[in-house]
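I'll drop the sequence and a predicted model, then ask my questions.
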Amino acid sequence: MLRYFLFLSLSLITSVAFADPLPSWNDTDSKVRIISFVESVTDPMSDDYVTPSDRIAVFDNDGTLWGEQPVYFQLIYAVEAFQKKAQDDDFGAITSDALKAAVAGDYAALAEGGKEAVIEVLGATHSGLSVDDFQTSVTDWVATATHPITGLRYDQMTYQPMVELLRYLRDEGFKTYIVSGGGIHFMRVFAEFAYGIPTEQVIGTYTETSYEVIDGVPTIIKQPAIGFVDDKEGKPINIDRIIGKRPIIAGGNSDGDYAMIEWTTAGDGPRLGLIVHHTDGEREVAYACDSHIGRLCDGLEKGPDLGWLIVDMAKDWSRIYTGAQ
């Protein structure tokens, strides 16, 4: 009996020791390199050892942790929220081309209107609400809305391999952050249950806000003016401002993430820059330099020479979405 229990204990120890931390990653060089990096910076006997307090990892959201095609999911939320709002009999006439396009669900027309049209739609649905009311609206949308192509809920379109990577890093003493061009109040709704990242570790674009006491209740109100755009050079600026440390891992999928990865990997000691390259036109969408969103040119051209890891979605991932096998 004693031998049996010893054998069982050893078997359990062995199974834990050899458990695959990234089961949805194929056994390619990308997986080997990620695991090798993590092992080297967490091994106290390694020359590359990094103390837990400095194990900071930052990741973009759209196109890196969940999908972003055919348009950013936050814009889909805004369009659907505006359509619902416009059904109110007291709403009044809609004269703006951008808002007319939103009512029609015409994303092509919105794209033609450029950044100004998108900001107008976002302002019409994001401002004038308390942060609590806005996030309640987003919570309801995430729980029920489905993607026009996959039919999955948006929280089911997180990338399983990246969710595993986030979990693996935290298991190894890393602190993981989202650093995204998406709205901070929007992402905070689902970051914890979708990725295991708490709200205080979500960094994003934010609008101006005001403090008001409404019916005796202190309230934060979202205003239409943009306070800070967390994209491109804004990402390392916001990381420095909010985290106060240069990360040792940075991951993204577009040239909007270039500055963040460049700044991260320029630091002393071991560094890992990672780009998710959307190469899978069958299970997802294949796009790069010619894309209207998630455009990836400089990262593909310069990243390899800078030592960055280019993750080939079709080759490196055995599974794409958390909500689909």
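It's in.

end to end, how far does stretch 56-72 reach?
The stretch stretch 56-72 measures 26 Å between its terminal residues, going by C-alpha to C-alpha, to the nearest Å.

Next, please give the residue ranges for the helices of the stretch 51-200 of the chain.
Listed in chain order, the helices found in the stretch 51-200 of the chain under DSSP state H, counting those that start in this stretch are 73-86, 97-104, 107-112, 114-126, 131-144, 160-171, 184-187, 191-195.

what about the last one, distance to the chain center?
The one in question is helix 191-195. Using C-alpha atoms, centre = their mean, to the nearest Å, the distance from the centre of helix 191-195 to the centre of the chain it belongs to is 10 Å.

buried set for it?
Of all the residues in helix 191-195, those buried under the rule 16 or more other C-beta atoms under 10 Å are 191, 194, 195. Yep, even glycine has a C-beta here, placed from its N, CA and C like the rest.

Need the mean per-residue confidence for it.
The average pLDDT within helix 191-195 is 97.

Okay, the spatially most central residue of the chain and residue 295: tell me how far apart.
For the chain, the residue whose C-alpha lies nearest the mean C-alpha position (C-alpha atoms, centre = their mean) is residue 61; its distance is 1.3 Å. Here the distance between residue 61 and residue 295 works out to 16 Å (C-beta to C-beta, to the nearest Å).

what does residue 64 give?
Residue 64 sits 14 Å away from residue 295, going by C-beta to C-beta.

more neighbours, the two?
residue 64 (23 against 16; other C-beta atoms under 10 Å).

residues in contact with residue 61?
Counting by C-beta atoms under 8 Å, 6 or more residues apart in numbering, residue 61 touches 178, 180, 182, 187, 204.

Which of those ranks first by neighbour count?
Most surrounded of the contacts of residue 61: other C-beta under 10 Å gives residue 180, at 30 neighbours.

Find the nearest non-adjacent residue to that residue, please.
residue 61 (3.7 Å; C-beta to C-beta, 6 or more residues apart in numbering).

which residues in the protein form strands?
56-59, 175-183, 202-214, 217-228, 249-252, 272-277, 309-312 (DSSP state E).

Out of those, which one sits most buried?
With neighbours defined as mean count of other C-beta atoms under 10 Å, these peak in mean count at strand 249-252, which reaches a mean of 28.

That one pairs with which strands, parallel or anti?
Looking at strand 249-252 with DSSP bridges, its partner strands are strand 56-59 (parallel), strand 272-277 (parallel).

wait, what's in contact with residue 82?
Contacts for residue 82 (C-beta under 8 Å, 6+ apart) come out as 99, 102, 103, 121, 124, 125.

run the last query once more with 6 Å
With contacts defined as C-beta atoms under 6 Å, 6 or more residues apart in numbering, residue 82 is in contact with 102, 124, 125.

By neighbours, which of the residues you listed wins?
For those, the largest neighbour count, defined by other C-beta under 10 Å, is 30 neighbours, found at residue 102.
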